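Enquirer: Quick check, what structure comes out for this input:
(2 chains)
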Amino acid sequence: MIDLSLLTDGGVGWLDASGPASHLVLSTRIRLARNLSGHVFQGRTSETEREEILQTVERAARESVLLRRATRFRLDRLERIDRQLLHERHLVSKELAGLEAEGRVRSGASILVQERIGVMLNEEDHLRIQGLHSGFALDATYAEVDRLDAELGQRLAFAFHPEFGYLTSCPTNVGTGLRASVLIHLPGLVLTKEISKVLQGLAQVGLTHRGLYGEGSEVVGNFFQLSNQTTLGSSERELLDHLAKMVRQVMDYEEQARQVLLRDAPTVLEDKVWRAYGLLRYARSLSFEEAMNLLSGVRLGVGVGLIPDVAMYTLNKLLIYTQPAHLAVAEGVGPDDAELPLRRARFVRKVLESEVGRRG
Amino acid sequence: MSCDQCREREAVIHLTQIVNEQVTTLHLCEKCAAEKGVESPGAVAKTPLGSFLAAMGKGTEQVPAPRAGETCTRCGATFQDFRETGRLGCSDCYRTFEPALRDLLRRLHGSTHHLGERYAEHEPAVDVAREQAAELREQLRLAVETENFELAAELRDRLRVVE
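Expert: Numbering: from 1, shown residues only, chains lettered A, B, ... in the order given. Got it, this is the predicted structure:
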């Protein structure tokens, strides 16, 4: 079992609800795709070559300021449950963790993590430099990622084309290699059925949406990851400014939708959020999806001031620790434990009781 | 209906072509269609890039194929490999398949020009500017030819900056 205490903030610093607009935005993540010019792309690398890539980047990381004290996890040497744990913490992609349907862990698949930044290695590209911050913090996240990119770029030869920019294994990432995502909670737009219109609008202005765990994941608990679709033809600054502008607009729409609900259906809304709270507080069995949806309801209740005593931090904590691998590890059982829903309900009851008290 | 080509497998792709004002319809199975370079929307959607293209509403459009049999001398990848996986083999593939990729990039990103941060090493700055100017001039010529004056004006401005 891996020791996550090795990570200075336990790997969940981004969930502390301390960041800007954290009542709506859980986290901001930015990644830069980079490849080493001396190696073929990942799809054609041999085991030996992936090992070389790993060593080359690790050497550069040790010489850098930002990753000098980084913790390294070799996914190819971890049990499935540990890989799932890292994935649930949003530290590795599903693909790198080998958690896809017929997925296997690629030899050499690794991550380096130091506080809020890190690098995924031997992913679809040789390096995926990434940063993860709490709340809506595109500028702060990019500043760190950019610094790490510069530090590594001084020590590594990146594949770069004068016209196309940073070369990536998939042409959808070429140019800046930048994908910025904002994980945002939009229950108001879902309840007022405005969400599909908003998502369509975003698609028209070059933004895309994904589920809680990024690419290829389902939307659960009304959490959406909004990110830039294109990576070429605009500067990093332009891409980030455009995303920021659109996210602010979506936040406005969400606030408006909540006001509409409060104005036109106050009793329905009040019943809905307290019902969610009641179920979380007293249910004896909860599936992950049900827990997520109920947490979404309570979060909405807290957001509009209907539920006064629950902290966003408590909700974020529940969000992370009720995930299958986290719960299984905490309870000391296997990931397929039949009693996981019972254990989940007990865990949620305990946290709400100790952090919120017996009222409600 | 069986495939017009192999006469064995079931035809799943029905390709209507207009050649010399004659309308012909070709019924092909997936394998023969792939050999002819025709992609079914389903086949396109199988790769991440395919779903991206499909999402952009261009899933069934053709990516112009580079000259037949062209292979990247560095990694051995062919353009067919790229079509199947949506992934390029190495950084040299971008040169090997440049014309086709240029077209694809234009449709994916609306541009072929990186305007972001530049990687300092290995960059002869003068050549870059010259290359960019040449490319812009070519695009400008095309824009004027096709009477796309809005684009032409934008290109002219960009050309001024580069020069």
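
Enquirer: which residue does the stretch 1-150 of chain A bring closest to chain B?
Expert: At 4.0 Å from chain B, residue A:40 is the closest residue in the stretch 1-150 of chain A, using CB to the nearest CB. Any C-beta I mention is one placed from the backbone N, CA and C, and that applies to glycine too.

Enquirer: next one: phi and psi at residue B:26?
Expert: Phi and psi for residue B:26, reported as degrees, to the nearest 10, are phi -110, psi 130.

Enquirer: Enumerate every residue touching the residue of the stretch 201-350 of chain A found nearest chain B.
Expert: Nearest residue of the stretch 201-350 of chain A to chain B: residue A:233, at 2.7 Å (CB to the nearest CB). Contact analysis of residue A:233 by CB atoms under 8 Å, 6 or more residues apart in numbering or on different chains lists A:175, B:109, B:110, B:111, B:112, B:113, B:114, B:115.

Enquirer: Can you name the helix or strand that residue A:28 falls in?
Expert: Per DSSP states H and E, residue A:28 falls inside strand A:25-34.

Enquirer: for residue A:325, phi and psi?
Expert: According to degrees, to the nearest 10, residue A:325 has phi -70, psi -40.

Enquirer: hmm, back to that, you'd agree the residue of the stretch 1-150 of chain A closest to chain B is up against residue B:88?
Expert: No: checked against CB atoms under 8 Å, the pair residue A:40 and residue B:88 is beyond contact range at 9.5 Å.

Enquirer: In terms of neighbours, single out the busier of those two.
Expert: More crowded of residue A:40 and residue B:88, by other CB atoms under 10 Å in any protein chain shown: residue B:88, with 28 against 24.

Enquirer: so residue A:335 is in which element?
Expert: If you go by DSSP H and E, residue A:335 is not part of any helix or strand.

Enquirer: residues in contact with it?
Expert: Residue A:335 sits next to A:80, A:81, A:84, A:324, A:325, A:328 when contact means CB under 8 Å, 6+ apart.

Enquirer: what secondary structure does the residue nearest to it when sequence neighbours are not counted sit in?
Expert: Among residues not flanking residue A:335 along the chain, residue A:328 sits closest, at 4.7 Å (CB to CB, 6 or more residues apart in numbering or on different chains). Secondary structure for residue A:328, judged by DSSP: H, G, I helix; E, B strand; the rest coil, is helix.

Enquirer: hang on, residue A:328 packs against residue A:79?
Expert: No: the criterion here is CB under 8 Å, and residue A:328 misses it with residue A:79 at 11.4 Å.

Enquirer: So which of the two has more stuff around it?
Expert: Comparing residue A:328 with residue A:79 by other CB under 10 Å, the one with more neighbours is residue A:328, at 20 against 11.

Enquirer: Contact partners for that one?
Expert: Taking CB under 8 Å, 6+ apart, we find residue A:328 in contact with A:81, A:334, A:335, A:337, A:340.

Enquirer: TSV please, covering those and showing pLDDT.
Expert: Output for the contacts of residue A:328, formatted as TSV (pLDDT from 0 to 100):
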residue	pLDDT
A:81	90
A:334	87
A:335	82
A:337	91
A:340	95
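
Enquirer: Most neighbours among those residues, which one is it?
Expert: residue A:340 leads those on contacts (other CB under 10 Å) with 21 neighbours.
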